[in-house]
Structures are given as C-alpha cells and as structure tokens.
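> only geometry, no sequence info:
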C-alpha cells in the first residue's frame, strides 16, 4: 500500500509542481515582461506605423523585409479612420470598412462577440489602421520589376459611388497607373469571416510585363499574450511539406525572419487566443512565405507570401485570387472552411495541441451535448459521466484491487511489525502476500492516472476554444472559461473588497476541495508521518491552486470526485470491505496524542 501511495503522491506532486511553477513563477515574469513590452510599444509605435506604410511592393520593402521609416503621427482610432476615404463593410458577423488608400482591410468589428459578459459591452475590434493604436491589417497587391508602377500602400483606389461590401454585393475597386496597366480588385465576403480578393491586371503597354502577387498580415505593437505553454499566440502558418510553423513574438524579435521557399499549399497569419487574421494563397503553383519583425525595438510583425511571377503579354490580362480570414476561431466555421475551400490543415489555426487526436474529439463530444441541453456546464457534467463509463472496467478492476488490499491490511501490518528491522525481507513477504491473494499493488493508481490526461485535455478545450468563452453555467458562473468570481475571503461578495488573484477561492473550488478530501477519507491515512502531512494538506493545496483555473475545469474535477466517491464506495462494499467513511472523517478532527507514532487502525473486512 505504501508503494501505491508513493506513486500516487509522485504523480500528484508532479502536477502540483507544473501548475505551481506556472502560477507562482512563470505568471509574474510574464506580467512583468508584458508591462515592459507595453512601455516599449508606446515609445516606438509611431516608427512602426510609418514602417508599415513604407512597405511598398517593388522596393526594398518587398514582402518578408519590412522597411524602417521616419516616425509618423499616431491618432485615435476614430481620427485615423477619418483620414482616408472608405467603403463600408456590413454583414451579420462583421462590420467596418475597406481603406481605399492601399485597398487594405484595416477596420473590422466582430459583432457577435463582446469584450465582457455584459451584453452592452463594446464589440471586439480585430483590425485597425496603421496610424491608430494597435494597428493590424491585411493587404494584397503586386510586386513589379524595376520601372513598373504597381499599386502600393499609398495608392488611392477608386470605388463606385455608394459602394458597400455585403454578402450579396461585392465591391469593385480600380486604379490606372497611367502607363498602360489597369488594376481591378474585386472584394467579396461570406456570411462569416472569409474575404475573397480577386485582382485583375490588363496590359495595354505594348510590351510584356512581369509582376508577382503578394499578400500579408501586419501587426503593429506586441500584444499582451496569456503566456501559457498550452497555447500559441503569434505568427503561424501551415506551409506545405514544412507543416505547421509557429513563432512567438520574442522568437522573431530576437532571431530574425523565417523564410520558406517553393511552398505548394498552405496559409499563414497571426493568431490570438480567440481571434486570427490569415491570408491563403490561391491559383498559384508555388509561393514563398516569410515571418518577419521590423528591425530594432519597433514592434511590427508580419506574415506574408509572394507567389510565382506572372508575365502578361501585350493586350493580355492576368488574375490572382486569394483569401483572407479575419474573425473568431469558431471550430465549426474553421472546419467548414477547411473542407469546402480545401485549405490545407486550416483546423490547426486552433491550437489543439500535440494530443489533438484526443482534445478535438473531446470538444465535439462537449459540443454535441451542448446542442442537446443548451448549457456547456451541463455538457461538462455529462461528458464526465461518459468518460467514467468508458473507463469503468479499468476503474472497477482498480477499486477491486484496492478493496483486496484493505482486506489484507492486518496481515500487511503484521509483516511490517515482524520484519521492522529487515526491509528486504519485509518487501519479499509483502510481495508473496500480494501473489497469494492475487493483488496488484499498483492497480489503485489507475483511477488517478486516467484522470490526468482527461484533466489536461479538458483544460485545453476549455482554455482555447472560443465556444467556451462567456459560456454560462448556473447562478454566479457566467463564464466557464474564467475563474469562479466569488471568494471566501470577502465572504462571497458580502465584504466590498477586491480579492487578490491568489486568494480567489470561490464556491466551486471549495466544493472541489471538499470532495477531494472526502474521497481521500475512503482510505486510512498513511502510516508515514511525512506522507500523512501531504495526505492531509493536498486538498487544501489543490483548492488554492485550482481557484484561478477556469470554472468549467473546477466543476469537472468536483463532479468527477463525487462520481469517484460513489463508485469506490459501492465497489468496496460489494467486495466485503467495511468502509468506515464517516469514522475516517470524524477521526480527522480528533486531536492525536503527541507521542502517537502508531499506525491508524486499518479498515476491517466483514466477517
């Protein structure tokens, strides 16, 4: 039994170390780094804005190598939008405008999502102009040979009077370079978040012209990221045989650009936890992709591609059609785009992690229950029941083995006392007893070991999927992806005091801690004093540790503990073990004599 507990304690302590490091060490460091980054962003934002506008095709600032430029004026977002002519965007999912200067997508609201759970809070702003705070935009264009005038960031395109981009009405923009080339750009949008940009170039110069299509997603300023090792935020893409490529802002800032030549299929862009902007090259055999950061301290980040050159004969035309996703990373929407538009591994825009083969099906199971009952919290409870049912045979075997261990506790204690000074002989006799009674001393660890991958997978799903964002349960839980907002340290809101994050121990973390403590009372306390301390304090440690975790995860743990208590109690009773749960609970509150070094009475088997 000691070996059994040692393994359980080793597993649990390993989990505690991982989350403890994240909470007490990594978290504060990340917050400090974020503050420093924001200060640097404030100091260098103007230079980065000018650099973004200076990245004109056909110059040294071709895609992949953004140029440095002189500082420009940074305006409020509203003032920045008013400085250039625009074509409005209006669909059920997004609103905003197309900037006719550069024909950029640089103004986009996600109307179905708000900043907080309050219904009147502002909608999410995804894209903003380069001369506004936190500039973020998508752009398509052409890179021409020396002497060929192509549209760039400063080009003023012409739109029909009264034009508006809707699902039913695409927008057609035109620009004539005055030297025989006419550029026409048709922008359309679907009911969700995918824009289609079709460029056409007519050559009336009397000579062949060679140009290359390009697209880019550019972000000014380094945004605050959650900083969790289970979630990627920053530039990323799927680039043919190179597979998924992920870069942190720090990586590009310190290690320089990353380039990939001759890519056949894929996409690339920049992702946040719940939102993303990505460009998808189409109608091209190969393209070159790159991820870059503006030199120096200026926080400008860019993901771009340049397709193979196209030669336009005199009197001929050339076309290039590309896609841009700009919106919320809803699982079904992303999967639909992957299937219907044949976008290579577009589902990896959502960070399912290396165990995607488990986390993704788990999400679909949760989502199926949600559509059935209309509440993600209830769906979590039902999924927990399903998981318990799937692993019931293994758990049943484990609990039976634990019951057998309890029935031979008197014999085990006698062996330990008889060979107290000969540990080798003691282990030999214990193993002989296990063999005689057909007991696997490690079998009791399986319920704990099974719970760990399920726990991490559910944590991943709740943490990264936007479907869990602002999803309510019942009562005070209005967001399953956020911690329980109540705290025992302000009497659950009765005292007007903002509780520090470390002391945010709400109702559900307390329920989880109590159920964990009760479950541990099903077994007699360890005989070793050091193990007794860990045994007694473990529920308290986990209560504080999980207090800052998403409420959905804490609800899962508490419900899983409850089901485990019932399951273990019933199985042990059926195996003839007298489970003195109430007695074990009451004995935990009794004051033990100072010289008490004797082991506690083992649970007696029924005669």
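That came through fine. The structure presented is a predicted model; accordingly, all values stated were derived computationally and were not measured.

> okay, now the domains of this structure?
For the chain, automatic domain parsing gives the domain ranges 23-351, 360-587.

> any idea of the mean pLDDT in the longest one?
Per-residue confidence for domain 23-351 averages out to 86 on the pLDDT scale.

> okay, and for the stretch 401-550 of the chain, where does confidence drop off?
Within the stretch 401-550 of the chain, the stretches with pLDDT under 70 are 402-403, 440-448, 450-451, 523-531.

> where exactly do the helices run in it?
409-418, 423-437, 446-464, 507-520, 529-546 (DSSP state H, counting those that start in this stretch).

> list the helices and strands the third one packs on?
Using 3 or more Cβ pairs under 8 Å, 6 or more residues apart in numbering; DSSP states H and E as the contact test, the elements touching helix 446-464 are helix 2-21, helix 356-373, helix 376-390, helix 392-407, helix 551-574. (C-beta placed from N, C-alpha, C; glycine too.)

> can you tell which of those is closest to residue 126?
helix 356-373 (22.9 Å; Cβ to Cβ).

> before we move on, the earlier item: take the domains of the chain and write them to JSON lines, including mean neighbour count.
JSON lines is the format used below for the domains of the chain (neighbours: other Cβ atoms under 10 Å):
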{"stretch": "domain 23-351", "mean neighbour count": "19"}
{"stretch": "domain 360-587", "mean neighbour count": "18"}
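
> Please, where are all the helices along the stretch 201-350 of the chain?
249-255, 331-340.

> which other residues reach the shortest one?
Contacts of helix 249-255 with the rest of the structure, by Cβ atoms under 8 Å, 6 or more residues apart in numbering, involve 222, 225, 234, 235, 258, 291, 292, 293, 299, 301.

> right, and the fifth one touches residue 248 too?
Translated: residue 258. No: using Cβ atoms under 8 Å, residue 258 is not in contact with residue 248, being 11.5 Å away.

> Distance-wise, check residue 109 relative to residue 79.
Using Cβ to Cβ, to the nearest Å, we find residue 109 at a distance of 17 Å from residue 79.

> typo on my end, residue 96
For residue 96, the distance to residue 79 - Cβ to Cβ - is 16 Å.

> Ok, residue 196 next?
For residue 196 relative to residue 79 (Cβ to Cβ), the value is 30 Å.

> can you put the helices and strands packed on helix 446-464 in TSV and add distance to residue 476?
Below are those laid out as TSV (distance: least, Cβ to Cβ, whole Å):
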stretch	distance to residue 476
helix 2-21	24
helix 356-373	20
helix 376-390	12
helix 392-407	32
helix 551-574	9
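
> so who does the residue of the chain most remote from its centre touch?
Within the chain, residue 418 marks the point farthest from the mean C-alpha position, 55.3 Å out by Cα atoms, centre = their mean. For residue 418, the contact set (Cβ under 8 Å, 6+ apart) comprises residue 429.

> still on that earlier bit, JSON lines for the helices of the stretch 401-550 of the chain, including distance to residue 143?
Shown next, in JSON lines, are the helices of the stretch 401-550 of the chain (distance: least, Cβ to Cβ, whole Å):
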{"stretch": "helix 409-418", "distance to residue 143": "78"}
{"stretch": "helix 423-437", "distance to residue 143": "73"}
{"stretch": "helix 446-464", "distance to residue 143": "36"}
{"stretch": "helix 507-520", "distance to residue 143": "55"}
{"stretch": "helix 529-546", "distance to residue 143": "52"}
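
> for the stretch 51-200 of the chain, what spans make up the strands?
Secondary structure of the stretch 51-200 of the chain by DSSP state E, counting those that start in this stretch: the strands cover 86-90, 94-99, 104-114, 123-127, 136-144, 171-176, 181-189, 194-203.

> could you dump those strands to a markdown table with distance to residue 475?
Listed next are the strands of the stretch 51-200 of the chain as a markdown table, based on distance: least, Cβ to Cβ, whole Å:
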| stretch | distance to residue 475 |
| --- | --- |
| strand 86-90 | 38 |
| strand 94-99 | 33 |
| strand 104-114 | 21 |
| strand 123-127 | 26 |
| strand 136-144 | 37 |
| strand 171-176 | 47 |
| strand 181-189 | 40 |
| strand 194-203 | 38 |
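
> Please identify which of those is closest to residue 384.
Smallest distance to residue 384 across the strands of the stretch 51-200 of the chain (Cβ to Cβ): 27.8 Å, for strand 104-114.

> ok, residue 154 to residue 204 distance?
23 Å.

> same check, this time on residue 508
Counting by Cβ to Cβ - residue 508 and residue 204 are separated by 70 Å.

> now do residue 115
For residue 115 relative to residue 204 (Cβ to Cβ), the value is 50 Å.

> swap in residue 122?
With Cβ to Cβ as the criterion, residue 122 and residue 204 are 48 Å apart.

> Repeat that for residue 85.
26 Å.

> One more: residue 100?
Counting by Cβ to Cβ, the gap from residue 100 to residue 204 is 23 Å.

> Tell me the predicted confidence for the residue lying closest to residue 399 once chain neighbours are set aside.
Distances taken as Cβ to Cβ, 6 or more residues apart in numbering place residue 571 nearest to residue 399, at 4.2 Å, with adjacent residues excluded. At residue 571, the pLDDT value in this model is 79.

> Let me see the contact set for the spatially most central residue of the chain.
Central residue of the chain (Cα atoms, centre = their mean): residue 464, 3.0 Å from the mean position. With contact taken as Cβ under 8 Å, 6+ apart, residue 464 is in contact with 230, 231, 273, 350, 351, 352.

> Need the max-distance pair from those.
Using Cβ to Cβ, the contacts of residue 464 reach their maximum pairwise distance at 273 and 352, which is 13.6 Å.

> Now do stretch 355-368: everything it contacts.
Residues outside stretch 355-368 that contact it (Cβ under 8 Å, 6+ apart): 331-332, 347, 352-353, 376, 379-380, 383, 386, 453, 456-458, 460-461, 465, 467.

> where does residue 208 fall, phi/psi-wise?
phi -60, psi 140 (degrees, to the nearest 10).

> can you start the count at 826 instead of 1 from here on
Taking 826 as the first residue, the last one we looked at is residue 1033.

> Report the separation between it and residue 1366.
Look at residue 1033 and residue 1366: by Cβ to Cβ, they are 73 Å apart.

> Same check on residue 1297?
Taking Cβ to Cβ, one finds residue 1297 at 29 Å from residue 1366.

> now swap in residue 1105 and tell me
Distance from residue 1105 to residue 1366, by Cβ to Cβ: 47 Å.

> what's the answer for residue 1299, then?
28 Å.

> Likewise for residue 1205?
23 Å.
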